[in-house]
Structure formats: structure tokens, C-alpha cells
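> just a sequence and a predicted model for now, questions to come.
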Amino acid sequence: MDFYSTAAQWITTVWHDWSTLIRIVLILIGAVILRSLLLVSVRKVVKGIVSGVNNKSGTTGALAQARLVQRAKTMGSVLGNLITWTVYTIAVTMLLSELGVAVGALIAGAGIIGAALGFGAQNLVRDLLSGLFIVLEDQYGVGDKVDLGEASGTVENVGLRVTQLRDSKGTLWYVRNGEILRVGNSSHKNAAPKGK
């Protein structure tokens, strides 16, 4: 027997005996590498936006720059979480399939549990989705003077779930984004100046 036929026979034997373990290791390594590559690309895009904003300091105001940076970082965070959850969910599903678990039944059960959790946590989901659209549509940002209905004042922080607003008396209001039905923003470019 020559070297090549012995090596081919050894590889065939190892694959036959250890194929499940090898595929599991390859799935884990692939998931980690894919997640890392996607997160690095998201960070590069966010970093490019931030550095582009900093380079154009003379053309736009500091408030507009801060808002753009905040929006880019928020979207980067959302995309990073989405990438992590998606890649890990697919990897776990593939691992369970390799181990012989009936993945279809698990997915159906998880769908029912997910629907129940979604129904129970619908306020949280509504807050997160509303916060995402507030950031995407640039309805208001840090430093804007806004009227959110129950509370009005200067925005101190815009998160995906809660907006922090300080009124004229110094009280800091935490307004859930899903509870905001209307926004009056007197800091936008087209807002009429005071006294007119």
C-alpha cells in the first residue's frame, strides 16, 4: 500500500467514526467566525459614519452631528444584537439537528412559547419598535425642546425603550417610547422662533 491510499483510508475511517463531532466543531467555528465578521463590518460602517461626521464639522451644527452619531451608534447596536441572535439561533438549530433532535417539533413549540411571550411582553416590544422608528426618522434628539403630551422639556437621552426628558422645573421624566402618541419638536429647523 502506498502513502496516498493509506491516508485516504485513514481519513475515511476518521470521518466515519467522528463525523458528527467534526460537523459540530465546524458549525461552532463557522458561527463564531461569521458573527465576528458581521460585527466587524457593522462597527466599520458606524465608525465611518462617525468619522465622516467629525470631518464635516464646518458644514453642519454640533447638535446635528451629535444626533447623527447617536443614530448611527443606536443602529449599530441594534444590528449587532440582531446578528448575534440570528447567528446563534441558526447554529443551535444546526447543532440540535446534528445530535438527532427533531428540530421541527422544537421550532413549533418555540413558536407557541414565543407567541405567548410576545403577547405578554407586547408593551416592551411596542416600546422597542417605537424607539427604533424615533431614531430612524429623527423625530427628536438630545438637546431638542419637545412636547410629548404628558411631559415637555429638553431631551437628555433617547434610548430604544425610554426617552429621558427634563422639564423646566428640573424634573427628569422617563417616557416609554411606546406611550408617545404625538411629538411637538420646537428645535427642528422649520419650527417657528419664540415670540412669533
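Done, it's in.

> tell me where the model's unsure across the protein.
Residue ranges of the chain with pLDDT under 70: 1, 53-61, 63-64, 188-196.

> check which helix or strand the most centrally placed residue in it maps to.
Note on the chain: the residue nearest the mean C-alpha position is Val78, at 1.3 Å, using Cα atoms, centre = their mean. Element membership of Val78 [criterion: DSSP states H and E] is helix 62-98.

> list the buried residues for that helix?
By neighbour count on 16 or more other Cβ atoms under 10 Å, the buried set for helix 62-98 is 65, 67-72, 74-76, 78-80, 83, 87, 91, 93-95, 98. All C-beta atoms are positioned from the backbone trio N, CA, C, and that covers glycine.

> where do the helices sit along the protein?
3-55, 62-98, 103-120, 122-137 (DSSP state H).

> would you map out the domains in this protein?
For the chain, automatic domain parsing gives the domain ranges 3-120, 140-185.

> just name the most buried of those domains.
Stretch with highest mean neighbour count among the domains of the chain: domain 140-185 (a mean of 16; mean count of other Cβ atoms under 10 Å).

> for Gly30, which non-adjacent residue is closest in space?
Of all residues not flanking Gly30 in the chain, Ala91 sits nearest, at 7.7 Å (Cβ to Cβ, 6 or more residues apart in numbering).

> swap in Met75?
Here the residue nearest Met75, using Cβ to Cβ, 6+ apart, is Val135, at 7.0 Å.

> contact partners of stretch 29-43?
Residues from elsewhere that reach stretch 29-43 (Cβ atoms under 8 Å, 6 or more residues apart in numbering): Gly76, Leu79, Gly80, Ile83, Thr84, Val87, Tyr88, Ile90, Ala91.

> quick revisit: got a markdown table for the helices of the chain, with distance to Lys145 too?
A markdown table is the format used below for the helices of the chain (distance: least, Cβ to Cβ, whole Å):
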| stretch | distance to Lys145 |
| --- | --- |
| helix 3-55 | 23 |
| helix 62-98 | 11 |
| helix 103-120 | 36 |
| helix 122-137 | 16 |
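
> out of these, which gets nearest to Gly159?
Proximity to Gly159 (Cβ to Cβ) singles out helix 122-137 among the helices of the chain, at 6.3 Å.

> ramachandran angles for Gly159?
In terms of degrees, to the nearest 10, the main-chain angles of Gly159 are phi -110, psi 180.

> how much space between the nearest residue to it once chain neighbours are set aside and Val46?
Sequence neighbours aside, Gly131 is the residue nearest to Gly159 in space, at 6.3 Å (criterion: Cβ to Cβ, 6+ apart). Distance, Gly131 to Val46, by Cβ to Cβ, to the nearest Å: 18 Å.

> with Leu129 instead?
21 Å.

> with Ala121 instead?
Separation of Ala121 from Val46 (Cβ to Cβ): 28 Å.

> contacts only, for the spatially closest residue to Leu181 that is not a sequence neighbour.
For Leu181, ignoring the flanking residues on the chain, the nearest one in space by Cβ to Cβ, 6+ apart is Gly149 at 6.3 Å. By Cβ under 8 Å, 6+ apart, the residues touching Gly149 are Ile180, Leu181, Arg182.
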